[in-house]
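K.L.:
here are the coordinates; sequence isn't available:
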Ligand code: PBG
């Protein structure tokens, strides 16, 4: 076996999978202005961006060959309410950013999360009843409206990350009804109730609320990490409801799920290397356990090998830079 590993050129020729900057999606954390801190606890190297910084970072991503960015807003407590009013406001931070990005970088794909967690005081992805239940069908109408608001602002892809049942159909119907036939739906189809979302919730200011909520975790709607067949049922439903692309999340601890989804459905399958995965790799690298870039690239290659077509990663810029240097 070692004959085919003897030099870099032969290793390249026999490589079964490749990782390119065109496989990467860069998530961006948005802030209104510099009155909101840029640093995010545990996400060394990732910052919340003002509108100007967002445009500059998007331009950098595009020039490194990254095809798309995904947007996540920091929302002040004062702007949150139980009906998630701001989510439907065409002048909210995300919608303004989409318009600015599409004007400045028309060839860069823009992906927007559809979920209510940034916009209510409890940090849940759906509406919450007085007894703490996360309401499914009542939430669907809002999600459809939110998706429509984002599509109207110019989002290329809407990405429901809420895990309510039936949301893809509700969103697809709303988009079709309003003539948005080309807006793509990237469904967070197999999204697990994972502890690895911790740093993200700090980044978007939704964690404190979740801690105090009647339901302090998302286990009544996100998937049980013990399950794998259930992921296939989730993906089958979302495809039947009109999803164009599906996502598995988190990535590294769920490579088996990526593999099963890809093998079963042969549809575009994205993976989300989430905040906690980035934090683990980054802090171990900072502590001297291994070189950062190599660890990042290896983790992303593993996702490609498992079957991911594209990967959302907070390390997209670093990875693209490292790939262009080799
Ligand atoms: C919100 C959402 C979450 C993430 C993406 N969209 C958090 C959650 O479901 O609580 C997590 C991303 C990450 O951890 O990097 N619907």
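P.N.:
On my side now, so go ahead. Remember, it's a predicted structure, so these values are computed and weren't measured experimentally.
K.L.:
going by C-alpha atoms from here, please, whenever you check contacts or count neighbours.
P.N.:
Will do.
K.L.:
and for residue 180, the neighbour number?
P.N.:
16 (other C-alpha atoms under 10 Å).
K.L.:
in a strand, it, correct?
P.N.:
No - per DSSP: H, G, I helix; E, B strand; the rest coil, residue 180 lies outside any strand segment and is coil.
K.L.:
name the nearest residue to it, sequence neighbours excluded.
P.N.:
Once flanking residues are discounted, residue 180 sits nearest to residue 151: 7.2 Å by C-alpha to C-alpha, 6 or more residues apart in numbering.
K.L.:
does the one you found touch residue 181 like I think?
P.N.:
No - applying C-alpha atoms under 8 Å as the test, residue 151 and residue 181 come out as separate, 10.1 Å apart.
K.L.:
which of the two has more neighbours?
P.N.:
Each of residue 151 and residue 181 has its neighbours counted (other C-alpha under 10 Å); residue 151 has more, 23 against 11.
K.L.:
okay, the residue of the stretch 51-200 of the chain found nearest the ligand: pLDDT?
P.N.:
Closest approach between the stretch 51-200 of the chain and the ligand, counting by C-alpha to the nearest ligand atom: residue 197, at 3.3 Å. In this model, residue 197 is scored at 96, pLDDT.
K.L.:
now it: phi and psi?
P.N.:
phi -90, psi 0 (degrees, to the nearest 10).
K.L.:
could you count how many residues lie near it?
P.N.:
As a burial measure, residue 197 scores 17 neighbours (other C-alpha under 10 Å).
K.L.:
got a list of what it touches?
P.N.:
274-276 (C-alpha atoms under 8 Å, 6 or more residues apart in numbering).
K.L.:
among these, which ones lie close to the ligand?
P.N.:
274-275 (C-alpha under 6 Å from any ligand atom).
K.L.:
among the contacts of residue 197, name the ones in helices.
P.N.:
Using DSSP state H, the subset of the contacts of residue 197 located in helices is 275-276.
K.L.:
picking that back up, what is in contact with residue 151 and residue 181 at once?
P.N.:
residue 175.
K.L.:
wait, residue 207 touches residue 198, no?
P.N.:
Yes - under the criterion of C-alpha under 8 Å, residue 207 makes contact with residue 198 at 7.5 Å.
K.L.:
of those two, who's got more company?
P.N.:
Neighbours per residue (other C-alpha under 10 Å) separate residue 207 from residue 198, with residue 207 holding more: 22 against 17.
K.L.:
can you tell me the closest non-neighbouring residue to that one?
P.N.:
With C-alpha to C-alpha, 6+ apart as the criterion, residue 207 has its nearest non-adjacent residue at 4.7 Å, and that residue is residue 201.
K.L.:
could you count how many residues lie near the one you found?
P.N.:
Other residues near residue 201 come to 19 when the count uses other C-alpha under 10 Å.
K.L.:
can I assume it sits in a helix?
P.N.:
Yes - the assignment for residue 201 is a helix, going by three-state DSSP.
K.L.:
where does residue 70 sit: helix, strand or coil?
P.N.:
strand.
K.L.:
list the contacts for it?
P.N.:
25-28, 110-113.
K.L.:
tell me which parts of the stretch 201-326 of the chain are close to the ligand?
P.N.:
274-275.
K.L.:
how long is stretch 60-70 from one end to the other?
P.N.:
14 Å (C-alpha to C-alpha, to the nearest Å).
K.L.:
doesn't residue 263 fall inside a helix?
P.N.:
Yes - membership of residue 263 in a helix is supported by three-state DSSP.
K.L.:
what's the burial count for it?
P.N.:
Neighbours of residue 263 under the rule other C-alpha under 10 Å: 12.
K.L.:
which helix or strand contains residue 231?
P.N.:
Secondary structure from DSSP states H and E places residue 231 in helix 229-241.
K.L.:
typo on my end, residue 247
P.N.:
Take DSSP H and E as the rule and residue 247 turns out to sit in strand 245-249.
K.L.:
quick check: angle from that strand to helix 229-241?
P.N.:
Interaxial angle, strand 245-249 versus helix 229-241 (axes from the mean of the first three to the mean of the last three C-alpha atoms, to 10 degrees): 160 degrees.
K.L.:
got the contact list for strand 245-249?
P.N.:
Contacts with strand 245-249, where a contact means C-alpha under 8 Å, 6+ apart, come from 184-192, 235, 238-239, 254, 257-258, 267-274.
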